[in-house]
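>>> sequence first, then the predicted structure:
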Amino acid sequence: MLVVVKPSTAVSTQRHVDWVKKQIQCKKVTCDWFFTTGNFINDVKSIRQLSQGQDVVVVIGGDGTLHLVINGIVGLTCRLALLPAGTGNDFARQFGYSLSQWRRSIFSTKYSAIDVGKVNSRYFVNMMGVGFSAKVVRSIKSQSKRNKLSYVWAGLLNLVSYQSVKVASSLGHPTPMMMMLIANGRYFAAGLPCAPSADAQSGTLTCLEFHADSLITRLMTFLLMLFAQHERLSIVHKTESQQFSIDAVGLDIEADGEIIGETPAHVSCFPKAIEICIL
């Protein structure tokens, strides 16, 4: 077993670490530990090396740590296990597991194969986006302290000043948009159900185009998203596919809550690429 931990003073992280240490001692499990450094390239390389031959790789952290590990283990035979300890934990949220259920899943013999996405050279497990979502992620990352309400507050603040971006849509020509999301999971921004129909086992990704070009329509979209009702708006277009292209140049790309580069972008779905431990 390999345990990957994002170093943190958070109580949830330390409790997970202490619990794992007790379990591996009781069960006499051989365990390696890796503490992330914040250097994406080096961390991915180290995780990939340490994951060779492991049965399970346990992630203690949030969506960003999960993103890092996914990029390290895609293509390997190890299974993935989660102990959510981040601000949002958006990918984990869709499973509906309690803390005790997540802990039991680590040593479960059951697993489920899930899809992952890839944008340019980077894999993602939850979703990627351009436009408004990337702007919110960039503003959140500049904050030294964050909590679940930080995303909602940052979203509301950015709605007022946000300017639409032009993105080549599924219609085939550049169109002003609030944002484009390509989802494998259902939630982002600490629990907003932005892609309620997305399914990480469908073999496809769900693309949502938000054509909200005024403050009123942006506010309406944001409010309806709180209740997973935004897809009924005529300004929200949904498509499902294994491949997407974004031809616009110079737009920030966020994936799993991390700014990972700029457009243009090619996005692909890799069906059943990861096996995740379940109950």
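Received it, and whenever you're ready, just let me know what you need. Numbers count the residues shown, from 1 in each chain.

>>> contacts and neighbour counts: CA atoms only from here.
Noted.

>>> which ones are touching Asp115?
Counting by Cα atoms under 8 Å, 6 or more residues apart in numbering, Asp115 touches 125, 184, 200-203, 269-274.

>>> those residues in strands, which ones?
269-274 (DSSP state E).

>>> report the buried members of these.
269-274 (16 or more other Cα atoms under 10 Å).

>>> got the buried residues for stretch 14-24?
Those buried within stretch 14-24 under the rule 16+ other Cα under 10 Å are 14, 16-17, 20.

>>> tabulate those residues (a markdown table), appending pLDDT.
Shown next, in a markdown table, are those (pLDDT from 0 to 100):
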| residue | pLDDT |
| --- | --- |
| Gln14 | 95 |
| His16 | 96 |
| Val17 | 96 |
| Val20 | 97 |
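
>>> out of those, which is nearest to Ser161?
Ranked by distance to Ser161 (Cα to Cα), those are led by Gln14 at 38.8 Å.

>>> correct me if wrong: Leu159 contacts Leu215.
Yes. Using Cα atoms under 8 Å, Leu159 is in contact with Leu215, at 6.9 Å.

>>> these two: who's more crowded?
For Leu159 versus Leu215, the count of surrounding residues by other Cα atoms under 10 Å is larger for Leu159: 20 against 14.

>>> how is the more buried one assigned, secondary-structure-wise?
Following DSSP: H, G, I helix; E, B strand; the rest coil, we place Leu159 in the helix state.

>>> dump the residue contacts of it.
215, 218-219 are the contacts of Leu159 under Cα under 8 Å, 6+ apart.

>>> do you know how far Gln14 is from Lys21?
11 Å (Cα to Cα, to the nearest Å).

>>> and for Thr36?
For Thr36, the distance to Lys21 - Cα to Cα - is 18 Å.

>>> for Leu205, same thing?
37 Å.

>>> how many other residues sit next to Arg138?
Neighbours of Arg138 under the rule other Cα under 10 Å: 18.

>>> list of residues touching the strand or helix carrying it?
For Arg138, the enclosing helix or strand under DSSP states H and E is helix 132-141. With contacts defined as Cα under 8 Å, 6+ apart, helix 132-141 is touched by 146, 150-151, 154-155, 158, 162, 164, 178-179, 181, 252-254, 257-259.

>>> type out the ChimeraX command that picks the buried ones from the residues you listed.
To isolate the buried members of the contacts of helix 132-141 in ChimeraX, using 16+ other Cα under 10 Å:
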select :150,151,154,155,158,162,164,178,179,181,252,253,254,257,258,259
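
>>> okay, and which of the contacts of helix 132-141 map to strands?
179, 181, 252-254, 258-259.

>>> the stretch 1-150 of the chain: helices as residue ranges?
Remark: helices assigned in the stretch 1-150 of the chain by DSSP state H, counting those that start in this stretch are 11-27, 40-51, 63-73, 90-93, 99-105, 132-141, 148-161.

>>> from one end of stretch 217-231 to the other, what's the distance?
This stretch, stretch 217-231, spans 13 Å end to end (Cα to Cα).

>>> for it, buried residues please.
217-219, 221-222, 224-225, 228, 230-231.

>>> mean confidence for that stretch?
Averaged over stretch 217-231, pLDDT sits at 91.

>>> and if you look at stretch 5-13?
pLDDT averaged over stretch 5-13 gives 92.

>>> restrict it to CA atoms and write it as PDB.
The C-alpha coordinates for stretch 5-13 follow below in PDB (Å, rounded to 0.1, in the frame of the first residue of the first chain):
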ATOM      1  CA  VAL A   5      -0.700  12.800   1.800                       C
ATOM      2  CA  LYS A   6      -0.900  16.500   1.200                       C
ATOM      3  CA  PRO A   7       0.800  18.000   4.300                       C
ATOM      4  CA  SER A   8      -1.700  20.000   6.300                       C
ATOM      5  CA  THR A   9      -2.400  21.100   9.900                       C
ATOM      6  CA  ALA A  10      -6.100  20.400   9.300                       C
ATOM      7  CA  VAL A  11      -7.600  18.100  12.000                       C
ATOM      8  CA  SER A  12      -9.200  15.900   9.300                       C
ATOM      9  CA  THR A  13      -5.900  15.200   7.600                       C
END
